[in-house]
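Novice: Sequence below, structure please.
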Amino acid sequence: MKDFMLIFLGADYAALGLSPEQMQARMGQWFAWNTKMREQGVVKGGDALHPHGRRVTGENRTVTDGPFAESKEIIGGYYVVKAADYDGAVEIAQGFPDYDLGGAVEIREVMVFEN
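Specialist: Presented below is the predicted three-dimensional model:
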């Protein structure tokens with residue numbers, strides 16, 4: 001089995017104008033998906049991310065506060081999951097609750113470096 005990172009893009013609930021009740025219902029969908037993956041033994045970890053952050057760039061290590069206007073998509077969080085291959089990771093990503101809100105999942109295989 002390989003490790004894959006599922007990176008969640010888009011679907012900023014506040015910016016979309018979801019009511020508190022709608023947000024709570026969405027969180028229920030997230031918790032159900034998380035429970036399913038844990039029961040299947042495929043999720044290794046993951047978290048939601050705050051929308052604000054900092055970026056350090058360039059030789060002078062310039063620090064910029066976010067959110068970052070040049071970003072086309074909000075990175076809302078991630079999971080690291082175990083799957084045999086990309087097809088297996090894509091199958092796991094089918095449970096992502098926010099496709100209907102324009103959200104997307106980027107899937108990246110975790111590189112393993114031998115010492």
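Novice: Please name the nearest non-neighbouring residue to R55.
Specialist: Using C-beta to C-beta, 6 or more residues apart in numbering and skipping residues adjacent in sequence, the residue nearest R55 is T64, 4.8 Å away. Any C-beta I mention is one placed from the backbone N, CA and C, and that applies to glycine too.
Novice: In its sheet, which strands sit next to the one helix or strand the one you found maps to, and in what direction?
Specialist: Element membership of T64, judged by DSSP states H and E, is strand 62-65. Applying DSSP bridges to the sheet, strand 62-65 is found paired with strand 54-57 (antiparallel).
Novice: Mind checking the pLDDT average for the partner strand?
Specialist: Averaged across strand 54-57, pLDDT comes to 86.
Novice: Pull the distance from it to the chain's centre.
Specialist: 20 Å (C-alpha atoms, centre = their mean, to the nearest Å).
Novice: Which positions within the helix or strand bottoming out on mean pLDDT in the chain qualify as buried?
Specialist: None of the helices or strands of the chain scores lower by mean pLDDT, DSSP states H and E than helix 13-16, at a mean of 82. Buried residues in helix 13-16, defined by neighbour count with 16 or more other C-beta atoms under 10 Å: Y13.
Novice: Brilliant, that's me finished.
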